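Novice: Pasting the sequence and the predicted model now:
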Amino acid sequence: MSAVTGADLSEPLAAALAAATDDRLVYDLAGIEDRHDTLRRELPGVQVRFAMKACPVDEVLAALARRGAGVDAASPGEVEQALRAGVPVGRAHYGNTVKSDRDIADAYRLGIRTFATDSVQDVAALAVHAPGARVFCRVATGGAGAVWGLSNKFGCPPADAVRVLAAARDAGLVPAGLSVHVGSQQMTGEAWHGAVEDLGEVLRALGRRGIRVDHVNLGGGLPALGYRDRRGNPLDPPLDKIFAVIREGMDELRRIHGGPLEFVIEPGRHLVADHGAIRAHVARLTERRTADGTSQHWLYLSCGKFNGLYEMDALQYRLVFPGHTDGPRVPAVVAGPTCDSDDAYSHEEGLVPVPKALASGDPVWVLSCGAYATSYTTRGFNGFAPLPYTWAGRPDGTGADG
Ligand SMILES: *Cc1c(COP(=O)(O)O)cnc(C)c1O
């Protein structure tokens, strides 16, 4: 049995969903805090920098800050929000390798002193607009084993990382670290193993050039536990194994480095996905014949790709239909309410058994959708408004509409 549980709907979340009479996104703050604390136990000594784009909600940032976490911010706007929410500036870094001169200057003015980089052009700009700052170089990964590989836009090969950090040193910056991102919702321990091998290679080469970094940033990629794949099969990430590989990797990198080496990790979806759920409602369950004459059920929900479920093209979320636990089911394509045909689960592989008796207005709970739901919400595509959010298990029981 996994040492880490949490794919199941928590009691406070279920109670808040049941009590909701309108559509909303509900976060279980205690669940998020527990997930953070478990991560700290699994990876002792590792500093957590929450990738705030996964849930840029003040209360979540504040709660994590109270547990000792900081943030991985990607723009001056994110830095400002984190500081406003109570994250100490020393626990925030600028983790985006993409930034304009102005972004750098603004972040520096806000107090940011640690920046990600992956090019000599970015290093030159940092030297001007963030003089003396600490920089860490992102090493590219292949992204294999992840639901979303992040292999092209970011990072450089190990040999170039040495050149980039040498350029940083020559420009008066502090070559402070290395980073990776093994791809989002990474499902394998092997990906972490490969990343550690690449990082070790860079540490050795840096040593030969007399450059000593003080930390390695392990990036994001830790999985959510409650997703299903596009065909509806549970994604069951080997989390215990992933943690074991990371622990061994940290030992290995410390050995190679031959001195004190700190570790940072930037979880995004792992901390929040399973502790957010949407209370939506049924727009309509229909049965329609398509152009080729086959008949198909479609379940249209009140929320979809443009207001909470942006990742529905790559995933299925578990659905709960309160009040319809028994009775016949029909296989249906699940879709959102807009006039965009991408606003749906894959209609070829992703049929979901849904209660045949569903009526317009019936509540539907969409589970494990706490990650990226707010960031990926449009301002009102087709007039479907962003979902308000509330809290599960708040002592005052009132919630806090966003
Ligand atoms: C988005 C992002 C993360 C978080 O990724 P998850 O897969 O959600 O954990 C971490 N680090 C960086 C630099 C990111 O851009």
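Specialist: Thanks, I have the structure now.
Novice: Every contact and neighbour count from this point should use C-alpha atoms.
Specialist: Will do.
Novice: Share the number of residues neighbouring the residue of the stretch 251-400 of the chain found nearest the ligand, please.
Specialist: Of all residues in the stretch 251-400 of the chain, Gly268 sits closest to the ligand, at 3.4 Å by C-alpha to the nearest ligand atom. When neighbours are defined as other C-alpha atoms under 10 Å, Gly268 has 27 of them.
Novice: show me what contacts it?
Specialist: 50-55, 220-222, 371 (C-alpha atoms under 8 Å, 6 or more residues apart in numbering).
Novice: Now neighbour count too, for the residues you listed, in a markdown table please.
Specialist: Shown next, in a markdown table, are the contacts of Gly268 (neighbours: other C-alpha atoms under 10 Å):
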| residue | neighbour count |
| --- | --- |
| Phe50 | 30 |
| Ala51 | 22 |
| Met52 | 27 |
| Lys53 | 20 |
| Ala54 | 21 |
| Cys55 | 24 |
| Gly220 | 24 |
| Gly221 | 28 |
| Leu222 | 27 |
| Ala371 | 27 |
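Novice: and His36, which of the three is it?
Specialist: With DSSP: H, G, I helix; E, B strand; the rest coil as the basis, His36 sits in helix.
Novice: what about the spatially closest residue to it that is not a sequence neighbour, helix or strand, and which?
Specialist: Once flanking residues are discounted, His36 sits nearest to Leu271: 6.2 Å by C-alpha to C-alpha, 6 or more residues apart in numbering. Using DSSP states H and E, Leu271 sits in helix 269-272.
Novice: what does that helix contact?
Specialist: Around helix 269-272, the neighbours that count as contacts under C-alpha under 8 Å, 6+ apart are 32, 35-36, 54-55, 185, 221-225, 370-372.
Novice: for those residues, which one is nearest the ligand?
Specialist: Distance to the ligand, by C-alpha to the nearest ligand atom, is smallest for Gly221 among the contacts of helix 269-272, at 3.6 Å.
Novice: OK, contacts around the closest one?
Specialist: Counting by C-alpha under 8 Å, 6+ apart, Gly221 touches 146, 181-186, 267-270.
Novice: wait, which of those residues is closest to Ile104?
Specialist: His181 (21.6 Å; C-alpha to C-alpha).
Novice: what's the burial count for that closest one?
Specialist: With neighbours defined by other C-alpha under 10 Å, the count for His181 comes to 29.
Novice: Now the closest residue to it other than its chain neighbours: phi and psi?
Specialist: Nearest-residue entry for His181: Gly219, 4.7 Å, with adjacent residues in sequence omitted and distances by C-alpha to C-alpha, 6+ apart. Phi and psi for Gly219, reported as degrees, to the nearest 10, are phi 70, psi -160.
Novice: Contacts for the helix or strand just after the helix holding Leu271, please.
Specialist: Next helix or strand after helix 269-272 toward the C-terminus (DSSP H and E): strand 276-289. Strand 276-289 is contacted from outside by 13, 17, 20, 22-28, 295-303, 308, 337, 358-371, using C-alpha under 8 Å, 6+ apart.
Novice: Which of the residues you listed fall in helices?
Specialist: Among the contacts of strand 276-289, the residues falling in helices (DSSP state H) are 13, 17.
Novice: Going through the contacts of strand 276-289, which ones are buried?
Specialist: Using 16 or more other C-alpha atoms under 10 Å as the burial test, the contacts of strand 276-289 include 13, 17, 20, 23-28, 296-303, 308, 337, 358, 362-371 as buried.
Novice: Next to the ligand, which bits of the stretch 251-400 of the chain? Give me the list.
Specialist: Proximity of the stretch 251-400 of the chain to the ligand, by C-alpha under 6 Å from any ligand atom, involves residues 266-269.
Novice: out of those, which one sits closest to Pro234?
Specialist: Proximity to Pro234 was ranked across these by C-alpha to C-alpha; first place goes to Arg269, at 16.5 Å.
Novice: Show me how this protein divides into domains.
Specialist: 29-273, 274-391 (automatic domain parsing).
Novice: before we move on, what SS does the residue nearest to Ile246 when sequence neighbours are not counted have?
Specialist: Nearest residue to Ile246 in three dimensions, chain neighbours excluded: Trp192, at 6.6 Å (C-alpha to C-alpha, 6+ apart). Using three-state DSSP, the secondary structure recorded for Trp192 is helix.
Novice: residues contacting Trp192?
Specialist: Listed by C-alpha under 8 Å, 6+ apart, the contact set of Trp192 reads 182, 242, 245-246, 249.
Novice: confidence score at it?
Specialist: Listed pLDDT for Trp192 reads 97.
Novice: picking that back up, with pLDDT and distance to Pro388 as added columns, please give the contacts of helix 269-272 in TSV.
Specialist: Formatted as TSV, the contacts of helix 269-272 follow (pLDDT from 0 to 100; distance: C-alpha to C-alpha, whole Å):
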residue	pLDDT	distance to Pro388
Ile32	97	19
Arg35	98	24
His36	98	24
Ala54	98	17
Cys55	98	14
Gln185	98	26
Gly221	98	27
Leu222	98	27
Pro223	98	25
Ala224	98	23
Leu225	97	24
Gly370	97	13
Ala371	98	15
Tyr372	97	14
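Novice: Can you tell me the SS state at Ala332?
Specialist: strand.
Novice: hey, what's the nearest residue to it once chain neighbours are set aside bridged with?
Specialist: Spatial nearest neighbour of Ala332, excluding adjacent residues (C-alpha to C-alpha, 6+ apart): His297 at 4.5 Å. Beta-bridge pairing of His297 under DSSP bridges involves Glu287, Ala332.
Novice: contacting residues for His297?
Specialist: 285-288, 330-333.
Novice: can you redo the residues of the stretch 251-400 of the chain next to the ligand as a markdown table with distance to Gly68?
Specialist: Below are these laid out as a markdown table (distance: C-alpha to C-alpha, whole Å):
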| residue | distance to Gly68 |
| --- | --- |
| Glu266 | 13 |
| Pro267 | 14 |
| Gly268 | 16 |
| Arg269 | 18 |
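Novice: Columns distance to Asn152 and pLDDT on top of those residues, output as a markdown table?
Specialist: Below are these laid out as a markdown table (distance: C-alpha to C-alpha, whole Å; pLDDT from 0 to 100):
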| residue | distance to Asn152 | pLDDT |
| --- | --- | --- |
| Glu266 | 19 | 98 |
| Pro267 | 20 | 98 |
| Gly268 | 20 | 98 |
| Arg269 | 21 | 98 |
